[in-house]
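*Asks:* How does the following fold in three dimensions:
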Amino acid sequence: MNGFARRFAPIGLVVTLSVVTACTATALELPSAPTATPSPVTEMTAEVDSTAAVSTPIPALPKPVATPTPTSTTTPAEVVSTATPMQGGTPSQLPTPTVVILPTEVRVETTAVSGGPTSNSMFGPIACDSSLDDILLTHHIYEPEMFDNLVPMGRMWDSHVTPTDHMYLQVSEQRERGLVKTPAAGTVIRIERFQNDQSPFWDQSEKEPDIRVIIAHSCTLFSIYIHLGELSPKILEVTGDLAPGERWSSSGGREIRLSAGEAVARFGGSSIDYSLHDETVILAGFQVPAHYDGEPWKVHTVDPFDYMSEELAADLRTKNERTVEPLGGQIAYDVPGTLAGNWFMDGTIDYGGGGGTDTQRYWNGHLSIAYDHVDPSQIRVSIGRDVGLTHDDCRVCGGVYAVNGNGPDPATVTVADGIVRYELTGRHHASPDSRERTVSDGNVLGTFLLRVLDGTSIRTEFAKGALASETGEFSSGAVIYRR
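*Replies:* Numbers count the residues shown, from 1 in each chain. Purely as a prediction, here's the structure:
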């Protein structure tokens with residue numbers, strides 16, 4: 001099936017300003033600096049071991065209705081607890097993973113309506129050709145033989161508490177770094193040089209600019225690159241050398257047109273971020289899309305594999321540890337009325353952490369109860385706030401934990417279940433040659449008590465070092481999260 005067939009076969013009818021369900025799946029992970037912060041995160045070295053994987057069925061996601069998050073901070077009324085503590089179990093006792101593809105997109109008519117030579121896009125007014133449609137990615141952004149592995153979207157790690165909206169391409173010390181290119185013809189519309197330069201993790205003395213670039217392939221399809229190095233001569237002719245912290249935009253007729261496969265910049269450090277965003281697609285797995293307005297591209301994130309030629313997709317599969325659809329990963333898991341998906345600590349308002357107490361760590365108020373980016377049959381609990389666990393408790397966790405027994409499936413937990421107790425465990429690599437695929441190590445670090453309070457709120461509390469059977473009701477230290 002070619003790129004267009006993969007992309008549009010599940011989508012069905014397109015209706016003006018209405019929605020039609022499409023199919024997408026889950027995602028991969030990899031160490032990289034947070035999108036919102038200029039400094040890359042150092043890659044962690046992990047212990048390896050082998051353990052059989054655990055599975056949980058993932059139900060189809062219904063199309064959510066965007067419900068405004070309550071503004072009141074009063075404690076919602078609770079239901080009487082009827083759930084029994086979750087039974088333990090080791091991964092080897094559990095069934096083989098089965099993966100269910102989730103419908104995750106809705107398609108709408110373009111919101112970037114052309115007005116002559118310019119269009120109003122999620123990035124503001126841009127120069128574009130409104131006749132361009134059905135863009136096919138025909139060139140690699142970086143030649144496969146020049147990087148080690150591709151990490152799909154959806155990786156949760158450290159400050160990326162919620163599933164990442166970008167892939168990573170990683171290189172090792174032995175590789176010579178080359179040029180990053182554009183996968184299809186387009187216009188450079190935004191460039192930002194971060195305040196701090198970047199270095200590969202193996203040599204902190206080696207410095208390279210840390211640059212973010214946005215390319216418009218049409219009025220509605222955009223590529224975003226992060227952690228690029230020195231810009232190409234063609235781009236520098238127009239922008240000049242950008243100082244740390246300086247930004248450039250294509251406003252005022254300063255157009256930089258690139259052909260498919262043309263160089264954008266050098267590969268700067270140990271990895272680069274890449275994402276593709278289609279403004280005609282809105283992800284259905286964000287219950288309150290407005291809470292991501294600070295990063296308007298996030299709700300329009302699509303799987304680049306669905307837009308690639310078959311030849312490109314085949315090349316990249318050899319670098320991708322994820323083997324299930326969607327190959328590029330998945331980032332939106334909200335199921336209204338259940339535990340599944342992203343949550344924001346009461347008082348922090350939204351993804352940007354507005355109103356929170358820790359403005360330097362916007363992710364402190366984030367919580368995600370989702371699935372592994374490589375093996376979506378594995379439940380993952382990703383916690384932004386400090387719950388007393390450290391790197392010594394789990395060397396490869398980065399704040400993201402497995403669930404002992406791998407159940408119950410968070411997408412099936414509702415108000416009627418009362419308190420549900422997840423015994424959180426550490427993780428280790430599934431095999432010595434796996435960089436991204438992890439499984440529970442069976443070591444219970446504590447129990448996470450959770451209760452769905454209503455369609456947009458949950459109550460949580462972590463009991464460090466306790467088994468589920470050793471926990472009771474919530475204490476005064478419980479924390480409320482909202483959609």
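
*Asks:* Just the element for L453, please.
*Replies:* Counting by DSSP states H and E, the element that carries L453 is strand 438-454.

*Asks:* counting contacts, what elements does that strand pack onto?
*Replies:* strand 400-403, strand 420-429, strand 457-464 (3 or more Cβ pairs under 8 Å, 6 or more residues apart in numbering; DSSP states H and E). The C-beta positions use only the backbone N, C-alpha and C, and glycine is treated the same way.

*Asks:* which one of the ones you listed is the most hemmed in?
*Replies:* strand 400-403 (a mean of 27; mean count of other Cβ atoms under 10 Å).

*Asks:* hmm, back to that, format the helices and strands packed on strand 438-454 as JSON lines; extra columns: distance to I189.
*Replies:* Formatted as JSON lines, the helices and strands packed on strand 438-454 follow (distance: least, Cβ to Cβ, whole Å):
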{"stretch": "strand 400-403", "distance to I189": "34"}
{"stretch": "strand 420-429", "distance to I189": "39"}
{"stretch": "strand 457-464", "distance to I189": "39"}
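
*Asks:* Which among those is found nearest to T390?
*Replies:* Proximity to T390, assessed across those by Cβ to Cβ, is greatest for strand 457-464 (10.6 Å).

*Asks:* Centre of the chain to that closest one, how far?
*Replies:* How far strand 457-464 lies from its chain's middle: 23 Å, per Cα atoms, centre = their mean, to the nearest Å.

*Asks:* C-terminal to it, what's the next element?
*Replies:* Following strand 457-464 in sequence, per DSSP H and E, is strand 479-482.

*Asks:* For the protein, just list every one of the helices.
*Replies:* Listed in chain order, the helices of the chain (DSSP state H) span 3-8, 233-239, 310-317.

*Asks:* tell me the mean pLDDT over the last one?
*Replies:* Spelled out, that is helix 310-317. Helix 310-317 comes out with an average pLDDT of 96.

*Asks:* likewise the first one?
*Replies:* On average, the pLDDT along helix 3-8 is 43.

*Asks:* next one: stretch 289-307
*Replies:* Stretch 289-307 comes out at a mean pLDDT of 95.

*Asks:* Under the pLDDT cut-off, which ranges of the stretch 51-200 of the chain? List them.
*Replies:* 51-118 (pLDDT under 70).

*Asks:* make it 90
*Replies:* 51-120, 127-134, 172-177 (pLDDT under 90).

*Asks:* again, but for the stretch 201-350 of the chain
*Replies:* 201, 204-205, 251-255, 294, 347-350.

*Asks:* Of the helices and strands packed on strand 438-454, which is nearest T187?
*Replies:* strand 400-403 (37.2 Å).

*Asks:* How far does that closest one sit from its chain's centre?
*Replies:* 16 Å.

*Asks:* How about stretch 257-267?
*Replies:* Centroid separation for stretch 257-267 versus its chain: 25 Å, with Cα atoms, centre = their mean.

*Asks:* buried residues in it?
*Replies:* Residues of stretch 257-267 classed as buried by neighbour count (16 or more other Cβ atoms under 10 Å): 258, 260, 262-267.

*Asks:* I figured I126 hits R190, correct?
*Replies:* No: with contact defined as Cβ atoms under 8 Å, I126 does not reach R190; the gap is 9.1 Å.

*Asks:* Give the residues shared as contacts by the two.
*Replies:* With Cβ atoms under 8 Å, 6 or more residues apart in numbering applied, the overlap between the contact sets of I126 and R190 consists of S250.

*Asks:* With neighbour numbers in mind, choose between the two.
*Replies:* Ranked by neighbour count (other Cβ atoms under 10 Å), I126 and R190 place I126 first, with 22 against 19.

*Asks:* Not counting sequence-adjacent ones, nearest residue to D273?
*Replies:* Once flanking residues are discounted, D273 sits nearest to I226: 3.8 Å by Cβ to Cβ, 6 or more residues apart in numbering.

*Asks:* Neighbours of that neighbour, how many?
*Replies:* Other residues close to I226 by other Cβ under 10 Å number 26.

*Asks:* I'd guessed it sits against H166; true?
*Replies:* Yes: the pair I226 and H166 qualifies as a contact (Cβ under 8 Å) at a distance of 7.0 Å.

*Asks:* Now for the closest residue to L258 other than its chain neighbours, how many residues are close by?
*Replies:* Spatial nearest neighbour of L258, excluding adjacent residues (Cβ to Cβ, 6+ apart): T182 at 4.9 Å. Neighbourhood size, T182 [other Cβ under 10 Å]: 23.

*Asks:* quick one, phi psi at T182?
*Replies:* Phi and psi for T182, reported as degrees, to the nearest 10, are phi -100, psi 130.

*Asks:* For it, give its distance to Q204.
*Replies:* Distance, T182 to Q204, by Cβ to Cβ, to the nearest Å: 30 Å.

*Asks:* which ones are touching W202?
*Replies:* W202 neighbours (Cβ under 8 Å, 6+ apart): 173, 270.

*Asks:* Give me the distance between it and L150.
*Replies:* For W202, the distance to L150 - Cβ to Cβ - is 20 Å.
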